[in-house]
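>>> No letters, just coordinates:
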């Protein structure tokens with residue numbers, strides 16, 4: 001379990017530089033959802049943006065040849081894959097929850 005957490009932390013560090021650009025798009029999607037007064041629109045927009053954002057991980061992985069980095073780390077292949085999927089799941093759940101907060105407050 002400890003190695004899976006290390007893998008999640010490594011995935012977070014790889015995507016950390018992209019968070020600021022994602023937050024700008026996230027704020028615009030939230031604003032658009034609040035202005036339109038359609039509760040689920042913010043969630044739909046943010047989730048549609050989150051999927052390609054997670055794809056950035058794989059393009060960064062290929063571009064920077066991170067296969068060599070993972071090859072020298074004391075992480076097994078199953079731990080790396082489990083960490084990657086758990087990171088993507090946590091990212092998606094967090095985005096869904098955060099984007100539903102402004103929508104639920106304006107639903108009444």
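Noted; the coordinates are in hand. Here the structure is a predicted model, which is why all the values come from computation and not from measurement. Numbers count the residues shown, from 1 in each chain.

>>> for the top helix by length along the chain, packing partners?
Taking DSSP state H as the assignment, the helix of the chain that covers the most residues is helix 77-105. Contacts defined by 3 or more Cβ pairs under 8 Å, 6 or more residues apart in numbering; DSSP states H and E place helix 77-105 against helix 2-15, helix 19-36, helix 39-63. C-beta here means a position set from N, CA and C on the backbone, and glycine is covered the same way.

>>> What is the shortest one packed up against?
This means helix 2-15. Right, helix 2-15 is packed against helix 39-63, helix 77-105 by 3+ Cβ pairs under 8 Å, 6+ apart.

>>> from the chain's centre, how far out does that helix sit?
13 Å (Cα atoms, centre = their mean, to the nearest Å).

>>> Would you mind listing the buried residues in that helix?
Residues of helix 2-15 classed as buried by neighbour count (16 or more other Cβ atoms under 10 Å): 3, 4, 6, 7, 8, 10, 11, 14, 15.

>>> And the second one, by the same measure?
Neighbour-count burial for helix 19-36 flags 22, 26, 29, 30, 33, 34 (criterion: 16+ other Cβ under 10 Å).

>>> Please pull out the lowest mean pLDDT helix or strand from this protein.
helix 66-72 (a mean of 74; mean pLDDT, DSSP states H and E).

>>> Distance from it to the middle of the chain?
How far helix 66-72 lies from its chain's middle: 22 Å, per Cα atoms, centre = their mean.

>>> now do stretch 52-60
Shown here is stretch 52-60, whose average C-alpha point lies 9 Å from the average C-alpha point of the whole chain (Cα atoms, centre = their mean).
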